[in-house]
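> Sequence first, then the predicted structure, then my questions.
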Amino acid sequence: MSMVDVDKLQFGLETFGDIVSAEDGELLTAGQSIRQIVKEGQLADKLGVDVFGVGEHHRPDYSVSSPEIVLGSIASVTEHIKLATAVTVLSSDDPVRVYERFATLEGLSEGRAQVMLGRGSFTESFPLFGYDLTDYDDLFNEKLEMYSQLIKEKPITWHGKFTQSLKDQDVYPKTDYNGIETYIGIGGSPESIIRTARYGYKVILAIIGGQADRFVPYLNLYKKAAEKYNMPVQPVAVHSHGFIADDEDEAVEVAWKNIKANFDRIGLTRGWAPMSREQFDGETKVGSFYVGNPEHVAQRMARTINLMNLGRFDLVYGAGNQTAAQRERMIELYGTKVIPRVKEILSEED
Amino acid sequence: MTEIKNVGILGAGKVGIVLAQLALKAGYHVRISGSGSVEKIAMTIETLVPGATPATNQGVVAKSDLIILAIPLSRYKNIKSKLLKGKLVIDAMNYWWETDGIREEVLDPSSTSSEQVQKYFNKSTVVKTFNHMGYHNLQEEAKPAGAENRKALFVTGDDKAAVDQVAKFVDTMGFDTVVHYDIADGIMTEPGSELFGASLTKADLQNVINHFDETDFGKKIQAEEK
């Protein structure tokens, strides 16, 4: 029996802004890749996808370091889709600037801005903006507290250690809507779950390896923590990598080549071993890569949504250096085939 | 040597919690501590590892036959050396710049991390293992002895009896083992090595270990030693 409320279920697409490849394998420029994302955001909106998320990275393999600017551009050519960062690395950002940028996006998009705050799974932003990685936890804790006061949109008085001190200071622009919707991106730290519950923000779990099943106990932890702090239990979201093509074998091969290239490149700087085919196959069969033809991806997404009683599922697309055609086809298949099929599967189970 | 019945885990992060789950499943009594108060991790432990006991570092150590260090490497000196006096200790840590900061500030560049951990805990017997497989692989790949495609962990330390005992313990936790008797060989599984983040069967793990000097990482280490 599915507990999932299919009518309220949300589906998102997220991109980290990977550099796009031309048909001949040459890489496009960062500028061309950014304009491709705007086109894809527009396509996702047209197809009725609920959320479009853009990541923040400060590396040569990604084109987007300032996601709100890209989202602002998408805002002007879309109508319904929510515009999210995935994620905003709050620890190395200025909470006042974060507020200002999202309040601006909120205005541009008529209330469709959504912030996902994270500690960041990449670390380039720390030295880049003058922060020390060993303050990782303290930076996030302090800035999250400051952010939580800023989004009340009232003057604040603040004594900062890593942040500026403010006295009865107001921030602008004010939003016309119900304030900025806030998620916290969580990679699996129990402390992060408890912290999110304490603030009453929404949880988005980044499940980028292994079976989703292992996160089920974390949902109980979230519920218990929310109860303890007298906060509402919000629907939980998950984000995972995926690739969809018309043909199953084609999907698997394109994903293998690109996701492997992407993960191995990151692994090089972090010291982990290259991805093996066995590992990849495990991830696509029972793990956290949603790869295949629309039916296969829909079945696997429906399983995860049902298992975790999710309110939202975001598929991360475009990993590695895919062509514009591969990326756009994937978005089309996601919008026209996968989403309706997931809803159908979950309704059948009711 | 004391029979292992009580397992103590210092560190209630991702790795510590997975190891606690495996140890509990293997039938051990498990005590676990975090960096803050017992109260701070109580709800986490009760929910994610029901059956394990949250405790202080002292509480964990006093009642355990085996201690697992599953904290960021940069914080091992926060634990007093004499607290672990006389204990069998598993070092599941690695240098990881994202949490530990600049290597030279954490480690002496002239030796490996586990050598330095052993040197610091000089009244304890340190064995390095559980450090080279990703935490969710540890959770998902644990299988009973003899199971098909069972994965293996590298176990190494200077004390032969201790290494053999830890190897038996690792087997009960769900993994085959490849054993060496030199703590400095821990380098073979550190970040940057072919084994870091890999999940291999015993035969494959043995093969990489046997040919370590021929791997890119092995060559780099040799060049640095010269």
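Thanks, I have the structure now.

> give me the number of residues near A:A251?
24 (other C-beta atoms under 10 Å in any protein chain shown). Every C-beta, even on glycine, is put in place using the N, C-alpha and C of the backbone.

> ok, the closest residue to it other than its chain neighbours to A:G292 distance?
Nearest residue to A:A251 in three dimensions, chain neighbours excluded: A:A245, at 3.8 Å (C-beta to C-beta, 6 or more residues apart in numbering or on different chains). As judged by C-beta to C-beta, to the nearest Å, A:A245 and A:G292 stand 8 Å apart.

> Among these two, which residue is more densely surrounded?
Comparing A:A245 with A:G292 by other C-beta under 10 Å, the one with more neighbours is A:G292, at 24 against 21.

> Give me the distance between the more buried one and chain B.
A:G292 sits 21 Å away from chain B, going by C-beta to the nearest C-beta, to the nearest Å.

> And for A:S21?
26 Å.

> what stretches of chain B score poorly on pLDDT?
For chain B, the stretches with pLDDT under 70 are B:97-98, B:101-102, B:226.

> try it again with 50
Of all residues in chain B, none has pLDDT under 50.

> next one: chain A
Scanning chain A for pLDDT under 50 picks out A:1.

> Give me every residue in the stretch 201-350 of chain A lying close to chain B.
By the rule C-beta under 8 Å from any C-beta of the partner chain, the part of the stretch 201-350 of chain A lying against chain B is A:209-211, A:214, A:217-218, A:220-221, A:224-225, A:228, A:267, A:270-273, A:276, A:279.

> what sits in contact with each of A:A245 and A:G292?
A:A251 (C-beta atoms under 8 Å, 6 or more residues apart in numbering or on different chains).

> Can you name every helix or strand that the longest helix along chain A contacts?
Counting by DSSP state H, the longest helix found in chain A is helix A:248-270. In terms of contacts (3 or more C-beta pairs under 8 Å, 6 or more residues apart in numbering or on different chains; DSSP states H and E), helix A:248-270 is packed against strand A:237-244, helix A:277-285, strand A:289-292.

> Narrow the residues of the stretch 201-350 of chain A next to chain B to those in helices?
A:P217, A:Y218, A:N220, A:L221, A:K224, A:A225, A:K228, A:G267, A:R270, A:Q279.

> Can you select the buried ones from those in ChimeraX?
If you want just the buried ones from those in ChimeraX, going by 16 or more other C-beta atoms under 10 Å in any protein chain shown, the selection is:
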select /A:217,218,221,224,225,267,279
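
> how about the ones in helices among the residues of the stretch 201-350 of chain A next to chain B in JSON lines, adding distance to A:E250?
Below are these laid out as JSON lines (distance: C-beta to C-beta, whole Å):
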{"residue": "A:P217", "distance to A:E250": "37"}
{"residue": "A:Y218", "distance to A:E250": "34"}
{"residue": "A:N220", "distance to A:E250": "39"}
{"residue": "A:L221", "distance to A:E250": "40"}
{"residue": "A:K224", "distance to A:E250": "44"}
{"residue": "A:A225", "distance to A:E250": "43"}
{"residue": "A:K228", "distance to A:E250": "49"}
{"residue": "A:G267", "distance to A:E250": "25"}
{"residue": "A:R270", "distance to A:E250": "30"}
{"residue": "A:Q279", "distance to A:E250": "21"}
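
> So for the closest residue to chain B within the stretch 101-250 of chain A, what's the nearest residue that isn't a sequence neighbour?
Across the stretch 101-250 of chain A, no residue is closer to chain B than A:G210, which sits at 3.5 Å (C-beta to the nearest C-beta). Distances taken as C-beta to C-beta, 6+ apart place B:H136 nearest to A:G210, at 3.5 Å, with adjacent residues excluded.

> what about that neighbour, which helix or strand?
Taking DSSP states H and E as the criterion, B:H136 maps to helix B:135-141.

> Can I get the lengthiest helix in chain B as CSV, trimmed to CA atoms?
In terms of residue count, the longest helix belonging to chain B (DSSP H) is helix B:160-173. Presented in CSV, the C-alpha positions along helix B:160-173 are these (Å, rounded to 0.1, in the frame of the first residue of the first chain):
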residue,chain,number,x,y,z
LYS,B,160,50.8,-10.1,14.8
ALA,B,161,48.5,-11.5,17.5
ALA,B,162,46.4,-8.3,17.5
VAL,B,163,46.2,-8.2,13.7
ASP,B,164,45.0,-11.8,13.6
GLN,B,165,42.4,-11.1,16.3
VAL,B,166,41.2,-8.0,14.4
ALA,B,167,41.1,-10.0,11.2
LYS,B,168,38.7,-12.5,12.9
PHE,B,169,36.6,-9.6,14.2
VAL,B,170,36.4,-8.2,10.6
ASP,B,171,35.3,-11.6,9.4
THR,B,172,32.4,-11.6,12.0
MET,B,173,31.5,-8.1,10.8
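
> Show me what the very next helix or strand once past it is in contact with.
Following helix B:160-173 in sequence order, the next helix or strand is strand B:176-180 (DSSP H and E). Strand B:176-180 has contacts (C-beta under 8 Å, 6+ apart) with B:129, B:145, B:150-156, B:163-164, B:167, B:170-171, B:188, B:201-202, B:205-206, B:209.

> now the helices for chain A?
Using DSSP H, the helices of chain A run over A:30-46, A:67-75, A:95-108, A:125-128, A:136-150, A:190-199, A:216-228, A:248-270, A:277-285, A:294-308, A:324-333, A:339-348.

> now the contacts of strand B:176-180: which count as buried?
Buried residues within the contacts of strand B:176-180, counting neighbours by 16+ other C-beta under 10 Å: B:129, B:150-156, B:163-164, B:167, B:170-171, B:188, B:205-206, B:209.

> so what's B:T99 closest to, chain neighbours aside?
Distance criterion C-beta to C-beta, 6+ apart; nearest residue to B:T99, sequence neighbours excluded, is B:P72 at 4.6 Å.

> What residues does that neighbour make contact with?
Contacts of B:P72 by C-beta under 8 Å, 6+ apart are B:G13, B:M93, B:W96, B:T99, B:D100.

> and those as a markdown table, adding secondary structure, neighbour count and distance to A:F16?
Formatted as a markdown table, the contacts of B:P72 follow (DSSP: H, G, I helix; E, B strand; the rest coil; neighbours: other C-beta atoms under 10 Å in any protein chain shown; distance: C-beta to C-beta, whole Å):
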| residue | secondary structure | neighbour count | distance to A:F16 |
| --- | --- | --- | --- |
| B:G13 | coil | 19 | 25 |
| B:M93 | coil | 25 | 29 |
| B:W96 | coil | 19 | 22 |
| B:T99 | helix | 18 | 22 |
| B:D100 | helix | 20 | 25 |
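
> Of those residues, which is the nearest to B:T56?
The closest of the contacts of B:P72 to B:T56 turns out to be B:G13 (C-beta to C-beta; 16.6 Å).

> Quick check: residues of chain B near chain A?
Close to chain A, as judged by C-beta under 8 Å from any C-beta, chain B has residues B:12-14, B:17, B:41, B:43-44, B:47-48, B:74, B:97-101, B:134, B:136-137, B:139-140, B:190-199.
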